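Asks: Next input, structure requested:
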Amino acid sequence: MARICKHGYVSGRVQGVGFRQATAEQAEHLGLDGWVRNMEDGRVEVLFEGDEAAVTELASWLGRGPQAAEVTVLELQELALQGIAGFIVRR
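Replies: Here you go, the predicted model:
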């Protein structure tokens, strides 16, 4: 299956609700590589790559987020593969 990469931003109530950790857990469960971090403007930034089906599944999950989150906007775009290994939470 083809590998793809997505990068984007999640807006809404997405900080202080465990969004980064839950994203990392979902990504690891799906076998994806990349990172997630909080932005100073209150959004969460995420980059993830892997098998197309897994990337699509995480993208769908990001539109909802963990139970305590309230996602209002999800902006994602496809990028060239970044060659990242593993998934980390950036500070």
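Asks: What segments of the protein are helices?
Replies: Assigned by DSSP state H, the chain shows helices spanning 19-30, 52-62.
Asks: In the first one, which residues are buried?
Replies: By neighbour count, with 16 or more other Cβ atoms under 10 Å as the criterion, the buried positions of helix 19-30 are 19-20, 22-24, 26-27, 30. Using the backbone N, CA and C atoms, a C-beta is placed for each residue, glycine as well.
Asks: Could you do the last one as well?
Replies: Going by neighbour count (16+ other Cβ under 10 Å), the buried part of helix 52-62 is 54-55, 57-58, 61-62.
Asks: Equivalent analysis for stretch 34-44, please.
Replies: Residues of stretch 34-44 classed as buried: 34-36, 38, 43-44 (neighbour count, 16+ other Cβ under 10 Å).
Asks: Closest one to G83 out of those residues, please.
Replies: Checking these against G83 with Cβ to Cβ, the nearest one is G34 at 10.8 Å.
Asks: What score does L30 have for pLDDT?
Replies: Each residue has a pLDDT score; the one for L30 is 98.
Asks: For the closest residue to F48 other than its chain neighbours, list the residues it contacts.
Replies: Closest residue in space to F48, ignoring its immediate chain neighbours: G34 at 3.6 Å, by Cβ to Cβ, 6 or more residues apart in numbering. Counting by Cβ atoms under 8 Å, 6 or more residues apart in numbering, G34 touches 5, 27, 46-49, 82, 84, 87.
Asks: Buried only: go through these for me.
Replies: Among these, the ones that count as buried by 16+ other Cβ under 10 Å are 5, 27, 46-49, 84, 87.
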